[in-house]
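Enquirer: Structure for the following, please:
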Amino acid sequence: MPSDTKILIVDDHEDTLYALESTLAPLGYLLTRATSGDDALKQVLRGHVGLLLLDVRMPGVSGLDVVRYMRRLEQTQHIPIILVTGFGPDTQLTTTAFHLGVADLVMKPVDPWALRTKVRYLYDTHQRYRAMEHEIRQLRAQTREHA
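Expert: Numbers count the residues shown, from 1 in each chain. Next comes the predicted model:
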C-alpha cells in the first residue's frame, strides 16, 4: 500500500473537522479533509484513501449517499468507513449503516481515545489487506509466467 494513503475526514462544519484532525493527529497518519459529500467522493475516486471518517448529515450529498456510492464501486467498496453523527442514537440509521457495510458508527462528542483506537485498528487492517491483495496479484502473475 502506498505510504501516501490518507485518512479522509468529512464534515460540513469547520470546528468539527479541526476537532477530529486534532484527535487523530497523534496517530501520525496522513490526514486530509472534505467539507461535502461531493468533495469526499472526488477525493476517494482519486485514490490513496485508506479510511473515511464521515459525517452522516450534510447538505446535498449525505454521508449515507457517499457510502452507497462507494459500496457499488470495486475500487472503493473495501475502504473502511466510520460514520459520525451528532443526533444521538437512531436505530434506523444504525441498521442502515451496518447493512451498507460501515465499520462503525460513533456519536458526537467523540471520545478521543476510543476513536483513535478504532481508527488505528481499521486503518492498519485495511493496509494489511491491501498489501496481501498486492502480493497475491504478484504471485498469480509469477505463476502464469512459469506455466
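Enquirer: For the residue nearest the centre of the chain, give me its contacts.
Expert: Taking Cα atoms, centre = their mean, the centroid of the chain lies closest to Leu52, which sits 2.0 Å from it. Contacts for Leu52 (Cβ atoms under 8 Å, 6 or more residues apart in numbering) come out as Ile7, Leu8, Val10, Ala40, Val44, Val66, Met70, Ile79, Pro80, Ile81, Ile82. All C-beta atoms are positioned from the backbone trio N, CA, C, and that covers glycine.
Enquirer: tell me the average confidence for the helix ranked longest in the chain?
Expert: Determined from DSSP state H, the single longest helix within the chain is helix 112-146. Mean pLDDT, helix 112-146: 91.
Enquirer: List the buried residues in it.
Expert: Residues of helix 112-146 classed as buried by neighbour count (16 or more other Cβ atoms under 10 Å): Leu115, Arg116, Lys118, Val119, Leu122, Tyr123, His126, Gln127, Arg130.
Enquirer: quick one: Thr35 and Tyr18 touch, right?
Expert: No. Thr35 lies out of contact with Tyr18 (Cβ atoms under 8 Å); the separation is 11.9 Å.
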